[in-house]
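below is the sequence, then the predicted model.
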Amino acid sequence: MISRYRLATLSLVTALAACSQPPERIETLEQARTAVQAIEQEPLARDVAQTRYEAARSALSRAEQAYDENEDTEIIEHEAYTALRNAQIVQAQVDERRSRDELENSEAERNRVLLEAREREAARASELAAERGQALAAREQELELTARQAEQAEQRAQQLAEQAQSLEQQLTELEAEQTERGWVLTLSDVLFDFDRAELNPGAATTIDRLARFLEENPDRKIAIEGHTDSSGSAAYNRELSRQRAEAVRQALVERGIASNRIEVRALGEEFPVATNDTDAGRQLNRRVEIVLSDPDGRFEGEQRTASGEPVEQEG
């Protein structure tokens with residue numbers, strides 16, 4: 001095997017995407033749809049809460065778009081939750097307006113009754129006023145609570161945006177690529193000497209970046225896949241690919257990464273990315289690929305096995 005050639009650098013991350021297919025049904029999104037549809041049918045909604053009304057519809061639109069584009073479930077749930085809370089505030093304000101209108105109408109009727117029997121209804125009028133005050137106080141407390149919850153949702157949105165920006169920067173530094181199997185970082189065979197499995201000193205920088213990423217994302221796991229060209233026997237190539245993947249795993253463990261977060265896959269010559277009929281193609285096939293899990297530690301899509309048969313994993 002010729003290991004002195006360097007694998008061509010893969011393209012940088014083109015867009016931040018969700019690490020996992022969103023579930024078919026997201027409860028928060030369903031609730032948001034129902035709540036927004038309800039306020040859209042409310043004649044008073046725009047009059048009493050124009051800003052919240054538009055905010056609820058906009059947030060639901062963003063959630064629907066994120067769902068259609070298979071973005072991260074946390075992003076979908078955040079937008080849906082924002083739409084839901086704003087819609088609930090609108091509904092509460094509509095209910096308050098109706099309550100006040102009803103109180104005004106009942107006040108007119110009460111005045112008519114008072115004209116007929118002022119002394120008899122005086123005590124009752126006082127009781128109604130007290131009850132109304134308590135109802136309004138309770139409603140104000142409810143609105144304050146809803147407003148605080150909306151503020152917390154906005155803060156959560158900011159946190160998610162910052163986390164997404166940080167993740168994008170980290171993946172860019174790793175030169176990882178989004179694939180059907182998740183984010184994949186490819187290490188060329190220049191990290192190893194010819195027909196050897198010991199990491200060269202020059203591999204330290206790449207391994208350090210990967211270890212730093214795993215330290216900053218403790219819920220993520222990785223699968224280290226060893227690949228070779230077709231030179232030599234399949235059994236020999238399988239063993240060499242395993243030893244090289246194990247070398248990368250050991251280097252990460254030595255940097256403090258727990259071994260139970262690392263899976264090793266010896267795939268030998270079974271998954272070439274180029275032809276094995278040329279030196280350039282064989283160089284591309286001699287590689288180690290690092291597959292990153294999603295934030296829940298699950299690998300996306302079909303994962304490779306030594307037999308060549310893909311295994312469908314949840315995520």
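Sure thing, it's come through.

which SSE is Arg124 in?
Taking DSSP states H and E as the criterion, Arg124 maps to helix 118-174.

who does that helix touch, helix- and strand-wise?
Under the contact criterion of 3 or more CB pairs under 8 Å, 6 or more residues apart in numbering; DSSP states H and E, helix 118-174 touches helix 73-116, helix 204-216. For every residue, glycine as well, the C-beta is placed using N, CA and C.

off-centre distance for the next helix-or-strand element following it?
For helix 118-174, the following helix or strand on the C-terminal side (DSSP H and E) is strand 177-179. Distance of strand 177-179 from the chain centroid (CA atoms, centre = their mean, to the nearest Å) equals 16 Å.

for Asp47, see how far away Arg249 is.
Arg249 sits 64 Å away from Asp47, going by CB to CB, to the nearest Å.

show me which of these two is the more surrounded one.
For the pair Arg249 and Asp47, the greater number of neighbours falls to Arg249 (18 against 12), based on other CB atoms under 10 Å.

mind listing what the more buried one touches?
Arg249 makes contact with Ile224, Ser259, Ile262, Val264, according to CB atoms under 8 Å, 6 or more residues apart in numbering.

now with 6 Å, please.
By CB atoms under 6 Å, 6 or more residues apart in numbering, the residues touching Arg249 are Ile224, Ile262, Val264.

tell me what angle the helix or strand hosting it forms with helix 204-216.
Secondary structure assigned from DSSP H and E places Arg249 in helix 234-254. In terms of direction (axes from the mean of the first three to the mean of the last three CA atoms, to 10 degrees), helix 234-254 departs from helix 204-216 by 60 degrees.

tell me how far the helix or strand following helix 234-254 lies from the chain's centre.
Using DSSP H and E, the helix or strand that directly follows helix 234-254 along the chain is strand 262-268. Distance of strand 262-268 from its chain centroid, counting by CA atoms, centre = their mean, is 27 Å.

strand 262-268: partners in the sheet, and parallel or antiparallel?
According to DSSP bridges, strand 262-268 forms sheet pairs with strand 222-227 (parallel).

could you list the residues in contact with the strand it pairs with?
Residues contacting strand 222-227 (CB under 6 Å, 6+ apart): 241-242, 244-245, 248-249, 262-267, 287-292.

ok so, going back, tabulate the helices and strands packed on helix 118-174 (CSV), appending mean pLDDT and distance to Arg52.
Shown next, in CSV, are the helices and strands packed on helix 118-174 (pLDDT from 0 to 100; distance: least, CB to CB, whole Å):
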stretch, mean pLDDT, distance to Arg52
helix 73-116, 88, 5
helix 204-216, 90, 37
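
out of these, nearest to Glu127?
When the helices and strands packed on helix 118-174 are compared by CB to CB, helix 73-116 sits nearest Glu127, at 11.5 Å.

name the helices or strands packed onto the closest one?
Under the contact definition 3 or more CB pairs under 6 Å, 6 or more residues apart in numbering; DSSP states H and E, helix 73-116 sits against helix 27-40, helix 45-48, helix 50-68, helix 118-174.

rewinding a little: which of the contacts of Arg249 ranks first by neighbour count?
Ranked by neighbour count (other CB under 10 Å), these have Ile224 at the top, with 24 neighbours.

beta partners for that residue?
In this structure, Ile224 bridges to Val264, Ile290 when assessed by DSSP bridges.

which pLDDT does the model give it?
In this model, Ile224 is scored at 94, pLDDT.

do Ser3 as well
On pLDDT, Ser3 comes in at 39.

do the same with Glu162
Reading off the model, Glu162 has pLDDT 63.

run a quick neighbour tally on Leu136.
If we define neighbours as other CB under 10 Å, then Leu136 has 14 of them.

hmm, I typed the wrong one, I wanted Ala247.
21.

same question for Arg212.
By the measure other CB under 10 Å, the count of residues near Arg212 is 14.

separation between it and Leu252?
Taken as CB to CB, the span from Arg212 to Leu252 is 11 Å.

same deal with Asp68?
In terms of CB to CB, Asp68 sits 37 Å off from Leu252.

who has more neighbours, these two?
A side-by-side neighbour count of Asp68 and Leu252, using other CB under 10 Å, places Leu252 first with 21 against 10.

I'd like the distance between the residue lying closest to that one once chain neighbours are set aside and Gly226.
Spatially, and ignoring its direct neighbours in sequence, Leu252 is nearest to Ala211 (5.5 Å; CB to CB, 6 or more residues apart in numbering). Distance, Ala211 to Gly226, by CB to CB: 19 Å.
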